[in-house]
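Q: Fold the following.
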Amino acid sequence: MVGVKNLTEIEGTRTAHQRDAVALTRFLAWIDREAPSGALTEIDSVEALVAQMARDCDGARARLEALAQHDPAAALPLGRAQAQGLI
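A: Residues are numbered from 1 along each chain as shown. Alright, predicted model coming up:
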């Protein structure tokens, strides 16, 4: 059996990719501005990326985190860096 997306699914996928691209571009611009100071940490980067995705991707990360809290095997299998390890 072959899965075929309908027009609504295709448009939703396209829109999601566009939002992701905007968020990633803004995050990379932020890295370009902040990295030369030498004070940027991995945690700073993770927090900035999560915040940017929340702004530009309609809170998609927050929904994934809520799902992961409900069922740890459901989403975010690699975890996320934080000051005291992975969550």
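
Q: Show the residue spans covered by the strands in this structure.
A: For the chain, the strands defined by DSSP state E cover 81-82, 85-86.

Q: which residues of the chain fall in helices?
A: 7-34, 42-56, 60-70 (DSSP state H).

Q: Pick out the shakiest of the strands of the chain, pLDDT-wise.
A: Among the strands of the chain, strand 85-86 carries the lowest mean pLDDT, a mean of 50.

Q: pretty sure Trp30 contacts Gln52?
A: Yes - with contact defined as C-beta atoms under 8 Å, Trp30 reaches Gln52; the gap is 7.2 Å. In short, each C-beta sits where N, CA and C put it, glycine included.

Q: More neighbours: these two, which one.
A: Ranked by neighbour count (other C-beta atoms under 10 Å), Trp30 and Gln52 place Gln52 first, with 20 against 17.

Q: any low-confidence regions in the protein?
A: Along the chain, the model assigns pLDDT under 70 to residues 1-2, 58-87.

Q: ok, 50 please
A: Applying pLDDT under 50 to the chain picks out residues 75-77, 86.

Q: Count the residues that sit near Val46.
A: Residues lying near Val46 (other C-beta under 10 Å) number 13.

Q: Quick check on Lys5: phi, psi?
A: The phi/psi pair for Lys5 (degrees, to the nearest 10) reads phi -80, psi 140.

Q: That one and Gly12, how far apart?
A: Separation of Lys5 from Gly12 (C-beta to C-beta, to the nearest Å): 9 Å.

Q: where's Thr13 relative to Pro36, distance?
A: In this view, Thr13 and Pro36 are 36 Å apart by C-beta to C-beta.
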